[in-house]
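K.L.:
Sequence first, predicted coordinates after that:
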Amino acid sequence: MLPAKYDVTMYTDGAASGNPGPGGYGVILMCNGQSKDFSEGFKHTTNNRMELLAVIRGLEELKVAPCNVIVFTDSKYVCDSVSKAWLFGWEKTGFKGKKNADLWLRFLNLYRKHYVKFQWIKGHNNNKWNEHCDQLAVKASRASNLTVDFEYENL
């Protein structure tokens, strides 16, 4: 890979009420003194899907590659799956018996375009960016115009 063009800080969070139930994600991207946040809600999904989708959507927003990306997340599921290399073992077995294979495949395609590191942070621990992502995710999950998570609903 070529040297990274930008350093990007990403905060992510996911939420689901009922798990499964209505859910949403929130993302904050920071680069060169600029920031952008966004979110989306889904009618029927899980917390883990929303945690992972938040990272995916953040990476999808990056317009140039490669970037140095540090992802701050309170999701042990997402952080440990990548940092402890479980994901790469799952990939070798075709995700046999693993949940969210559709999202993990989507993630891997984006992950391999950048230099991505994960940093786990404790949720609801007064980290202003994590708290803001949580608010975005919860608000998105409660919106009236929720998207259908077709991959989840068609399992």
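P.N.:
The structure has been received and is ready for your questions.
K.L.:
so who does residue 49 touch?
P.N.:
14, 16, 23, 42, 100, 103, 149, 152 (CB atoms under 8 Å, 6 or more residues apart in numbering). For every residue, glycine as well, the C-beta is placed using N, CA and C.
K.L.:
Who are the contact partners of the fourth one?
P.N.:
It refers to residue 42. 22-24, 49-50, 141, 146-149, 152.
K.L.:
Also the fifth one?
P.N.:
Residues touching residue 100, when contacts are defined by CB under 8 Å, 6+ apart, comprise 48-49, 52.
K.L.:
If we use 10 Å, what do you get?
P.N.:
Counting by CB atoms under 10 Å, 6 or more residues apart in numbering, residue 100 touches 46, 48-49, 51-53, 77-78, 81, 90, 106-107, 151-152, 155.
K.L.:
Check the gap between it and residue 148 for me.
P.N.:
16 Å (CB to CB, to the nearest Å).
K.L.:
Out of the contacts of residue 49, name the ones that lie in helices.
P.N.:
Using DSSP state H, the members of the contacts of residue 49 that fall in helices are 103, 152.
K.L.:
how about the contacts of residue 49 in TSV, adding distance to residue 116?
P.N.:
Formatted as TSV, these follow (distance: CB to CB, whole Å):
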residue	distance to residue 116
14	17
16	24
23	23
42	24
100	18
103	15
149	23
152	24
